[in-house]
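Engineer: predicted model and sequence below, questions to follow.
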Amino acid sequence: MVDKEDDFKAEPIKILVVEDDADNRDFLRGFFLKEGFDVQAAEDGEKGIALLEKKPFDIVFTDLKMPKADGLQVLEAAKSLPFPPVGILFTGYADVDSAVKAMKLGTFDYIRKPLRINTLKTVLKHACSQVKYGRAGKMTDGKSMEGLGRLLGKSDGMQKIFELIRKVAKTNSTVLIYGESGTGKELTARAIHELSSRRASPLIPVNCGAIPEDLLESELFGHEKGAFTGALHTRIGRFELANGGTVFLDEIGDMSPSLQVKILRVLQEHEIERLGGVRSVHVDIRVIAATHRDLEKAIRESRFREDLYYRLNVIPIELPPLRDRGEDIPLLTDYFLKKFNAKNDSRIEGITDDALQYFRQYTWPGNVRELENLVERLVVLKGEGMISEEDLPDKMFESASRLDFSPRKILENGIQFSTAVSEYEKELIIHALKKSKWVKNRAAKMLGMNRTTLVEKMKKRKIGGDPKASQSAISSK
């Protein structure tokens with residue numbers, strides 16, 4: 001299933017298929033309908049252009065070679081519209097010049113026949129993401145106080161990030177985004193691209209840490225036919241595909257030193273050479289890079305080139321971890337609750353204040369991505385009603401430091417230290433037991449001790465298993 005809509009309030013995505021081959025046209029139309037898209041089809045380029053002029057589409061999926069008007073003419077007509085749709089060109093011809101022309105027209109992707117289901121799903125996933133960011137840009141016009149594209153936040157830290165993004169987007173300067181995994185580095189890159197003058201052209205993301213080193217160079221620069229064993233066709237690389245747009249190099253700190261040299265040349269000369277090629281190809285691109293690593297430390301350890309670092313680090317953007325954005329957690333939680341309610345046809349009404357307090361106190365090592373995944377899990381498992389403390393996973397209760405106690409006041413005539421410690425320990429244990437609904441395993445995890453240790457301390461402090469009795473013990477002090 002293609003993840004066609006993350007925004008729970010979004011309109012259905014509309015796709016136009018332009019294909020002169022009836023079998024292919026019916027296959028594509030049926031596939032898109034099955035995936036839940038709003039689809040129309042045209043049997044040649046001329047009819048496709050006519051449909052584009054009559055009604056808005058979000059994605060145009062067009063063949064290259066067609067009678068009356070070819071795919072490039074369809075894409076050119078699409079680009080001239082007030083809100084251009086995302087263009088995807090497919091062909092059975094290995095025509096490199098046509099691919100380059102298509103990219104100059106702002107085509108989002110270029111794929112070859114025969115069309116495979118997995119390829120279609122991958123391309124559509126990225127295209128739908130592009131549609132989503134385009135819609136967000138139209139809705140906010142860069143002026144939202146709580147979000148920019150899919151970046152959400154009202155904290156001072158995020159407001160400063162939004163302001164910086166708006167300033168940076170107006171330039172062609174290279175940007176280096178720092179942040180832990182899950183903080184939204186790719187969302188930041190997309191927000192910059194969507195607010196820039198390059199937004200009609202593609203943003204091409206490349207995860208430098210996820211692609212094996214021996215394949216990454218070909219992925220970035222492309223290759224000529226016969227460049228190496230298995231290179232049966234000329235392939236356009238990501239830099240050429242992004243011509244006129246933006247390349248996002250995610251996790252660039254994981255890139256090998258030998259490839260770093262070639263990236264430096266792209267930044268300096270705006271030229272690339274395909275593997276096995278004999279001529280340079282000019283590329284008009286903006287580069288945005290991102291990393292979770294300390295690049296200055298990597299430079300000292302000779303794992304990252306200093307000259308490349310200074311080329312990339314023209315405008316640094318440092319994304320704060322979620323643990324430093326407590327003010328944004330209710331906003332993000334509410335957004336994800338609504339999103340997954342819609343996605344799963346669930347009826348979660350909200351989250352209790354006590355449960356939300358644990359959200360605020362948790363350290364979120366996986367950042368916003370972890371919060372999103374947890375909310376999805378809670379929505380699926382709970383189904384309806386309010387999410388409470390009982391629904392939270394044990395990891396939310398593992399540190400006693402997350403409990404909310406006011407500091408004790410020391411009286412003018414002093415206190416008996418051992419008595420105060422004993423009373424505080426008793427109060428702390430009772431508080432943990434109440435928070436865990438008197439489940440000793442969970443209370444022990446909250447307090448950072450074994451269950452047997454907790455039971456021994458309960459006996460020593462004469463804490464029974466009756467919540468009412470323990471509550472009266474607190475109130476009688």
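Structural biologist: Sure thing, it's come through. Numbering: from 1, shown residues only.

Engineer: from here on, contacts and neighbour counts on C-alpha atoms
Structural biologist: Noted.

Engineer: show the pLDDT at Leu215.
Structural biologist: In this model, Leu215 is scored at 88, pLDDT.

Engineer: which of the three states applies to it?
Structural biologist: Of the three states, Leu215 takes helix under DSSP: H, G, I helix; E, B strand; the rest coil.

Engineer: low pLDDT regions in the stretch 101-250 of the chain?
Structural biologist: Applying pLDDT under 70 to the stretch 101-250 of the chain picks out residues 101-108, 132-146.

Engineer: repeat the analysis, applying 90 as the threshold.
Structural biologist: 101-151, 154, 156, 194-195, 197-202, 209-210, 212-215, 222-237, 241-243 (pLDDT under 90).

Engineer: show me where it has its helices.
Structural biologist: 117-140, 156-169, 185-194, 213-221, 238-241 (DSSP state H, counting those that start in this stretch).

Engineer: look up phi and psi at the nearest residue to Glu271 once chain neighbours are set aside.
Structural biologist: Spatial nearest neighbour of Glu271, chain neighbours left out: His282 (4.4 Å); criterion: Cα to Cα, 6 or more residues apart in numbering. Taking degrees, to the nearest 10, you get phi -70, psi 140 for the backbone angles of His282.

Engineer: and His282, how far from Thr174?
Structural biologist: 18 Å (Cα to Cα, to the nearest Å).

Engineer: which of the two has more residues huddled nearby?
Structural biologist: The residue with more neighbours, out of His282 and Thr174, is Thr174; 18 against 15, by other Cα atoms under 10 Å.

Engineer: for the more buried one, which residues are in contact?
Structural biologist: Contact analysis of Thr174 by Cα atoms under 8 Å, 6 or more residues apart in numbering lists 286-289, 311-315.

Engineer: what about those, which are in strands?
Structural biologist: 286-289, 315 (DSSP state E).

Engineer: can you give me the buried ones in stretch 301-317?
Structural biologist: 303-305, 308-309, 311-313, 315, 317 (16 or more other Cα atoms under 10 Å).

Engineer: what's the closest of those to Met446?
Structural biologist: Taking Cα to Cα as the measure, Met446 lies nearest Ile317 of these, at 35.8 Å.

Engineer: now the closest residue to Met458 other than its chain neighbours: how far from Lys457?
Structural biologist: Leaving aside its sequence neighbours, Met458 sits nearest to Gly464 (Cα to Cα, 6+ apart; 7.0 Å). Going from Gly464 to Lys457 by Cα to Cα gives 11 Å.

Engineer: state the helix or strand in which the residue nearest to Glu370 when sequence neighbours are not counted lies.
Structural biologist: The shortest distance from Glu370 to any non-neighbouring residue, by Cα to Cα, 6+ apart, is to Trp364 (6.8 Å). Counting by DSSP states H and E, no helix or strand carries Trp364.

Engineer: isn't Trp364 up against Arg323?
Structural biologist: Yes. Counting by Cα atoms under 8 Å, Trp364 touches Arg323, with 6.0 Å between them.
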